[in-house]
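Visitor: Make a model of this:
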Amino acid sequence: MPNITFSLDEETIRKVRKIALEKDTTLTALVRDFLSSVAKRDEQKKKTALKKFKASFKTLSRDMGSRKWTRESLYER
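Guide: Here you go, the predicted model:
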């Protein structure tokens, strides 16, 4: 698993370590869980948007009947 490095102020680190200790976990695990939830939430948003987009085709599409023209006939002069 790749590692990432980022900066955070001491006060925030202290507070989050205390929260991690209360939850019987680590600061790293909290960050990992948070970032995973962000990725899943983004993926779910995309899936929901695609589902709505596909549903709009079902709602708005109309049967145009069979095609009675050819490309060549459209460009006849």
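
Visitor: Now do the same contact list for Pro2.
Guide: By C-beta atoms under 8 Å, 6 or more residues apart in numbering, the contact set of Pro2 is empty. C-beta here means a position set from N, CA and C on the backbone, and glycine is covered the same way.

Visitor: which element is it on?
Guide: Under the criterion DSSP states H and E, no helix or strand holds Pro2.

Visitor: Any chance you could list what contacts the worst-scoring helix or strand of the chain on mean pLDDT?
Guide: Within the chain, no helix or strand scores below helix 71-74, which has a mean of 85 by mean pLDDT, DSSP states H and E. Around helix 71-74, nothing counts as a contact under C-beta under 8 Å, 6+ apart.

Visitor: cool, stretch 36-49 as well?
Guide: Outside stretch 36-49, no residue is within contact range by C-beta under 8 Å, 6+ apart.

Visitor: how far does the helix or strand hosting Leu50 sit from the chain's center?
Guide: Using DSSP H and E, Leu50 falls within helix 27-60. Taking C-alpha atoms, centre = their mean, to the nearest Å, the mean C-alpha location of helix 27-60 is offset from the chain mean by 3 Å.
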